[in-house]
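Trainee: Prediction below, plus the sequence it came from.
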Amino acid sequence: MNVISMKALELLRTATGSLERSGIEDAAREAETIIAHCLKTDRATLYRDNPQIPGDLATEIDSLVKRRATREPLQYIIGYMEFLGLKIKVGQGVLIPRPETELLAEEAIKTVKRNLLGVRKISSHTSGFTSLRFLDLCTGSGCLALSLAKELPDIEVYGIDISDSAIKYAHENAELNLIKNVTFLKGSLFEPVKGLTFDLIVSNPPYIRSNDIKDLQPEIKGWEPQDALDGGADGLDYYRLIIHAVRNHLNDGGYLMLELGINQADAVKLMAEDTGLKDITLLKDYAGIDRILVSKI
């Protein structure tokens, strides 16, 4: 159905009402985002200029609002999101990065700069001297690997995921952000990098308990890939697999950093201790939840 031409703020009121009736919590802000995206402008300009929106563009906006009303994630509708200054493409088949994962990326970068840069190098078979090597397991859109690679351009970064869709998005995001020092490989956890060792391993693995997925927000349980959410009966399956194998893949003095689910910190910390990892610390997220485990070999 075609929508008649109208002023932006009039359309904003209509879109906001539609999203509110669909149970969208921050309906006004999301309507602003959709309209500004379609107009290729920003929120401030939208309010300042209140431009006239032609009928064909109003119809496109109406279509996107209707998609959001079905609880399709806004990030999928827009097609991208910001992550530590990177533009990250997302869509069905790839997990939407969370603020907690930005925190993990920031902490990983701090840890590298404080404890690894300038301390030692890894010998290279080709040049005799090369930079440190990092690994991001369950890389998804590649946001973690890419944020490390961008901030530390002399570092060799690998990202691994078992999902074809995830690896496709990760490659596209590397190209989009002009990042060259990252390699994305398809496979299960450490399998694609057998024989390689790393100075830093990071991961935001699936950690939702299988029976809890049905209780998640409609945007998550209905749209995001379940394989990227499901951490098994207790949510800890991937932590067991990663921690059990990590000593074979970390160089001496290397770090393992993991994003954690709610109420999982004690169990994962115990796994790390039992495996012989040391200097284990837990870092809280913005809500005061133990969200990141940092450990050292």
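Mentor: In hand now; what should we look at?

Trainee: C-alpha only now, for contacts and for neighbours.
Mentor: Noted.

Trainee: And the residue nearest the centre of the chain?
Mentor: A centroid search over the chain (Cα atoms, centre = their mean) returns residue 97, at 2.8 Å, as the residue closest to the centre.

Trainee: surely residue 296 meets residue 258?
Mentor: No - counting by Cα atoms under 8 Å, residue 296 stays clear of residue 258, with 11.7 Å between them.

Trainee: More neighbours: which of these two?
Mentor: Per other Cα atoms under 10 Å, whichever of residue 296 and residue 258 has more neighbours is residue 258, with 27 against 21.

Trainee: So the more buried one, which state does it fall into?
Mentor: Put simply, residue 258 is strand when judged by DSSP: H, G, I helix; E, B strand; the rest coil.

Trainee: right, and it touches residue 202 too?
Mentor: Yes - using Cα under 8 Å, residue 258 is in contact with residue 202, at 5.7 Å.

Trainee: The residue nearest to the centre of the chain contacts residue 143, doesn't it?
Mentor: Yes - judged on Cα under 8 Å, residue 97 makes contact with residue 143 at a distance of 7.2 Å.

Trainee: So what's the residue count around the closest residue to residue 26 other than its chain neighbours?
Mentor: Leaving aside its sequence neighbours, residue 26 sits nearest to residue 20 (Cα to Cα, 6 or more residues apart in numbering; 8.0 Å). Neighbour count for residue 20, taken as other Cα under 10 Å: 15.

Trainee: Surely residue 20 and residue 27 touch.
Mentor: Yes - using Cα under 8 Å, residue 20 is in contact with residue 27, at 5.5 Å.

Trainee: where do the helices sit along this structure?
Mentor: Here the chain has its helices, by DSSP state H, at 8-21, 27-39, 43-49, 55-69, 74-78, 99-115, 143-151, 164-176, 218-221, 237-245, 265-274.

Trainee: any idea which of the ones you listed is most buried?
Mentor: Of the helices of the chain, the one with the most neighbours on average (mean count of other Cα atoms under 10 Å) is helix 143-151, at a mean of 24.

Trainee: That one packs against which elements?
Mentor: The elements that helix 143-151 packs onto, with contact taken as 3 or more Cα pairs under 8 Å, 6 or more residues apart in numbering; DSSP states H and E, are strand 86-89, helix 99-115, strand 133-137, strand 156-161, strand 182-186.

Trainee: With respect to residue 173, which of these lies nearest?
Mentor: strand 86-89 (5.8 Å; Cα to Cα).

Trainee: Not counting the closest one itself, show me its contacts.
Mentor: Residues outside strand 86-89 that contact it (Cα atoms under 8 Å, 6 or more residues apart in numbering): 79, 80, 81, 82, 141, 143, 147, 169, 172, 173, 176, 177.

Trainee: in that strand, what's buried?
Mentor: 86, 88, 89 (16 or more other Cα atoms under 10 Å).

Trainee: Can you lay out those as a markdown table showing pLDDT and distance to residue 105?
Mentor: As requested, the buried residues of strand 86-89 are arranged in a markdown table below (pLDDT from 0 to 100; distance: Cα to Cα, whole Å):
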| residue | pLDDT | distance to residue 105 |
| --- | --- | --- |
| 86 | 98 | 12 |
| 88 | 98 | 14 |
| 89 | 98 | 18 |
